[in-house]
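> Sequence unavailable; structure follows:
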């Protein structure tokens, strides 16, 4: 009785070993036809591919297919260098703004510290497309609060001297800053790095 209990899993083990052998056999056969293996000689691999495929035309090696030509292109290198320069310029203010909005440094409705307010004024709000409309009669301070329509989103608000407060998008400010400082590369950078335009 105990022996039959112990031998019961054997057929399932035998079945799983059979599947494993079948998988290994298929895997070996599919690996033989790969022409891009680094250990294989490219000419021999191309000949194997042509024989197994029945055609006389072998595929081009990856180097000839044009995958690496962009890295050698001087215009592409110039773009990548300019992209890195723009990122290095914009990253500190992006990190500061995200820290202000998403960390627990500021509660809802709380005024920014003087140094954060100065950074936001100089590097963001000054470049907003409608900066004069946002400031209006005068700027009292900048605060963080929930957006009136989208309750789960926090944003920056300009509090005017007359007590009215209005939100502004830091991404609009960054886009305008990039367009102002890097006009020839701005559209490509914004399209690549910003979600909405």
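Cool, got the structure. Keep in mind it's a predicted model, so treat the numbers as computed, not measured. Numbering: from 1, shown residues only.
> can you map out the strands along the protein?
110-111, 139-146, 154-160, 165-168 (DSSP state E).
> Give me the contacts around the shortest one.
Okay, so that is strand 110-111. Strand 110-111 has contacts (Cβ atoms under 8 Å, 6 or more residues apart in numbering) with 117, 141, 142, 143, 144, 159. All C-beta spots, glycine's among them, are computed from the backbone N, C-alpha and C.
> swap in the second one?
Outside strand 139-146, the residues that touch it by Cβ under 8 Å, 6+ apart are 100-101, 106-112, 117, 120-121, 125, 152-161, 165.
> Adjacent strands (with direction) for that strand?
strand 110-111 (antiparallel), strand 154-160 (antiparallel) (DSSP bridges).
> Looking at those strands, spot the one closest to residue 185.
Proximity to residue 185 (Cβ to Cβ) singles out strand 154-160 among the strands paired with strand 139-146, at 26.4 Å.
> these two touch, right, residue 102 and residue 152?
No: the pair residue 102 and residue 152 does not pass the contact test of Cβ atoms under 8 Å, sitting 11.9 Å apart.
> Tell me which of the two has more neighbours.
residue 102 (10 against 6; other Cβ atoms under 10 Å).
> OK, contacts around the more buried one?
Residue 102 touches residue 154, counting by Cβ under 8 Å, 6+ apart.
> And it, what's its pLDDT?
On pLDDT, residue 102 comes in at 90.
> same thing with residue 132?
89.
> Check residue 136 too.
Confidence score, pLDDT, at residue 136: 86.
> Look through this protein and tell me its longest helix.
Determined from DSSP state H, the single longest helix within the chain is helix 74-102.
> Buried residues, that helix. List them.
For helix 74-102, a neighbour-count test (16 or more other Cβ atoms under 10 Å) marks 79, 83, 86, 90, 93, 94, 96, 97, 100 as buried.
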